[in-house]
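J.: My questions are about this predicted structure, shown below with the sequence.
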2 protein chains.
Amino acid sequence: MSESEKGRLAVVGLGPGATAWCTPEAAERVRAATDLVGYGPYLRQIGPLADDQEAHPFPNRKEAERAVFALDLAASGRDVAVVSSGDPGIFAMATAVVEELHRESASARWAEVEVTIIPGVTAATAAAARIGAPLGHDLCLISLSDVLKPWEVIERRVRAAAMADFVIALYNPASRHRPWQLQRALDLIAEHRSAETPVVEAHDVGRPEETISTLTLGHVDPATVDMGTVLLVGSSATRQFTDAAGRSWVYTPRRYPTSLSDPGS
Amino acid sequence: MSESEKGRLAVVGLGPGATAWCTPEAAERVRAATDLVGYGPYLRQIGPLADDQEAHPFPNRKEAERAVFALDLAASGRDVAVVSSGDPGIFAMATAVVEELHRESASARWAEVEVTIIPGVTAATAAAARIGAPLGHDLCLISLSDVLKPWEVIERRVRAAAMADFVIALYNPASRHRPWQLQRALDLIAEHRSAETPVVEAHDVGRPEETISTLTLGHVDPATVDMGTVLLVGSSATRQFTDAAGRSWVYTPRRYPTSLSDPGS
């Protein structure tokens, strides 16, 4: 693409890890891009670039800087893909890019850039698929990161989700800088739910090092959880069983509350 | 595949409509299947089958019957794909299949069947991508269908989600048989949120007839909503703006509550 042409920017959801979960639309935009912008590990998720493609790795956080850099690059006529793991609209880069468009909406700085958001499979549904159907009913997705929102807001949401008996998917459950938040969130949930409630702990879903464990709410060990983990905390109805072939399953029944015609009741 | 071989069953998420959003893993299982089982419109979403593939269309509801039929077919040695739009674990067929596995977990009926759930892009994130990043913060997915759960449970969850200021994605918002539930849910949300709150109304996302509209909470018309609609109701922080090129965007900022350094405040 010559510098005189109009540039474009796509915020691309690669899906969680596996290329088998990267949509054709996402793969096509990555293939077409002259420039790939992203957190280093997501750029590595793409695999080797073509000779005429340039990678622009960014450190974690720094999302606003990454968005401005990518928009400016597109405005200079380049075909830019900002890559995120999972879905870019779920605790990922789409918001940062749209925030910057808003900030500059009165100016012409990026008026010529065609901006597209490309959805992807999000980590919670991919992790759920590995173990059955734990998300088979009403569901909350909550990020436990209190970097950009006060912890009180997170507590309020976790409490509300627990009281109303939602299945709860916890994103960004812990990091080196946030060591105590996960246990506190689990304690809040446990005020409304049995210690036997199934919890699915998914690490690096879709990646070679993937592990999926089924625990109970009373036995989650926050020390085993990091930024590559998504936790699916069951509702009061969520069940775990082993099938005739010895395989373990977790699901949340379609009926609520579970009735006599349900299996296992 | 000969009848003497072990059969297998995949519950496949096709993504919402567009083949560009169907993952390679999902497409591969559909291609390999000898038998495709699903609600008629989802089978049509696949396109023409190969000569040696058989389609088994089912009416809507009847999920349990569909699951048993598919598992029995796989147990007879066939390679079966149960197809769902979106993600099969979000208000779709994965739960029905795992429920049946649980019901028969003490028997050998399906012990030889290899069962896999294949995740897909879910409608809420695809709809969000079309308009920006409305789901850019903590989020609830709620099905308004009270066919399998009491309406009181849905009200409790909608209230909790509204009070704790979640963005709310409403699936199955209305049907011919459920005419009043959506307005009631919107009224409950409006007790905690301004009438100016942005609402994204997405019809048939990813399909040729797709429409995406941005409304406000005070101006949703339930008469325009059907089973092919997903509604994204913003939180108190969700914003709508028009960029320098005249394009409309909706997003939920990463910071909460929004601070002075945010755009537009």
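T.: Yep, it's here.
J.: Pass me the low-pLDDT residue ranges in the stretch 51-200 of chain A, would you?
T.: The stretch 51-200 of chain A contains no residues with pLDDT under 70.
J.: Which residue ranges of the stretch 1-150 of chain A form helices?
T.: Secondary structure of the stretch 1-150 of chain A (DSSP state H, counting those that start in this stretch): helices located at A:24-32, A:40-46, A:63-75, A:93-103, A:123-131.
J.: would you list those helices in TSV and tack on distance to residue A:240?
T.: In this view, the C-beta of every residue, glycine as well, is placed from N, C-alpha and C. What follows is those, written out as TSV (distance: least, C-beta to C-beta, whole Å):
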stretch	distance to residue A:240
helix A:24-32	33
helix A:40-46	31
helix A:63-75	37
helix A:93-103	34
helix A:123-131	9
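J.: ranking those helices by burial, who's on top?
T.: Mean neighbour count (mean count of other C-beta atoms under 10 Å in any protein chain shown) peaks for helix A:123-131 among these, with a mean of 28.
J.: Contacts (any at all) between chain B and that helix?
T.: Yes. For helix A:123-131 and chain B, the contact criterion (C-beta under 8 Å from any C-beta of the partner chain) is met by A:125-126, A:128-130.
J.: Just want the angle from that helix to helix B:93-103.
T.: Compare the direction of helix A:123-131 with that of helix B:93-103 by axes from the mean of the first three to the mean of the last three C-alpha atoms, to 10 degrees and you get 30 degrees.
J.: just how off-centre is helix A:123-131 within its chain?
T.: Distance of helix A:123-131 from its chain centroid, counting by C-alpha atoms, centre = their mean, to the nearest Å, is 11 Å.
J.: got the contact list for it?
T.: Helix A:123-131 has contacts (C-beta atoms under 8 Å, 6 or more residues apart in numbering or on different chains) with A:15-17, A:21, A:85-86, A:134-135, A:139, A:141, A:169, A:171, A:200, A:202, A:205-206, A:210, A:212, A:214, A:230, A:232, A:248-250, B:13, B:87-90, B:94, B:117-120, B:122.
J.: Filter the residues you listed down to the buried ones and express that as a ChimeraX selection.
T.: Here is the ChimeraX command that selects the buried residues among the contacts of helix A:123-131 (16 or more other C-beta atoms under 10 Å in any protein chain shown):
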select /A:15,16,17,21,85,86,134,135,139,141,169,171,200,202,205,206,210,212,214,230,232,249,250 /B:13,87,88,89,90,94,117,118,119,120,122
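J.: In strands, which of the contacts of helix A:123-131 fall?
T.: Among those, the residues falling in strands (DSSP state E) are A:139, A:141, A:169, A:171, A:200, A:202, A:212, A:214, A:230, A:232, A:248-250, B:13, B:117-118.
J.: so which of those residues comes closest to residue A:59?
T.: Nearest to residue A:59 out of the ones in strands among the contacts of helix A:123-131 is residue A:171 (C-beta to C-beta; 19.5 Å).
J.: Identify the farthest-apart pair in the residues of helix A:123-131 next to chain B.
T.: Between all members of those, the farthest pair (by C-beta to C-beta) comes out as A:125 and A:130, at 10.1 Å.
J.: and stretch A:174-188, anywhere near chain B?
T.: No. Contact of stretch A:174-188 with chain B (C-beta under 8 Å from any C-beta) is absent, the minimum separation being 12.0 Å.
J.: would you put the C-alpha positions of that stretch in CSV?
T.: Extracted C-alpha coordinates of stretch A:174-188, given in CSV (Å, rounded to 0.1, in the frame of the first residue of the first chain):
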residue,chain,number,x,y,z
ALA,A,174,-4.8,-11.9,39.7
SER,A,175,-1.4,-10.5,38.9
ARG,A,176,1.8,-9.9,40.8
HIS,A,177,0.5,-6.4,41.7
ARG,A,178,-2.9,-7.6,42.7
PRO,A,179,-2.4,-10.5,45.1
TRP,A,180,-5.4,-10.4,47.5
GLN,A,181,-8.3,-9.4,45.3
LEU,A,182,-9.2,-12.8,44.1
GLN,A,183,-9.6,-14.4,47.6
ARG,A,184,-11.7,-11.4,48.6
ALA,A,185,-14.0,-11.8,45.6
LEU,A,186,-14.3,-15.6,46.3
ASP,A,187,-15.2,-14.9,49.9
LEU,A,188,-17.9,-12.5,48.8
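J.: how far does it sit from the chain's center?
T.: Centroid displacement of stretch A:174-188 relative to its chain, using C-alpha atoms, centre = their mean, is 18 Å.
J.: what's it in contact with?
T.: If you take C-beta under 8 Å, 6+ apart as the criterion, stretch A:174-188 is touched by A:142, A:144-146, A:151, A:154-155, A:158-159, A:162, A:170, A:173, A:217, A:220, A:222, A:225-227, A:229, A:231, A:233.
J.: The same query, at a cut-off of 6 Å, please.
T.: Defining contact as C-beta atoms under 6 Å, 6 or more residues apart in numbering or on different chains, one finds that stretch A:174-188 is touched by A:144, A:158-159, A:173, A:220, A:222, A:225, A:227.
J.: for stretch A:24-42, same thing?
T.: Identification of contacts with stretch A:24-42 by C-beta under 6 Å, 6+ apart yields A:1, A:10, A:12, A:43, A:46, A:54-58, A:60, A:70, A:73, A:78-83, A:85, A:118, A:120, B:20.
J.: and the gap between residue A:76 and residue A:6?
T.: According to C-beta to C-beta, to the nearest Å, residue A:76 stands 10 Å off from residue A:6.
J.: ugh, typo on my part, it should be residue A:107
T.: Distance, residue A:107 to residue A:6, by C-beta to C-beta: 17 Å.
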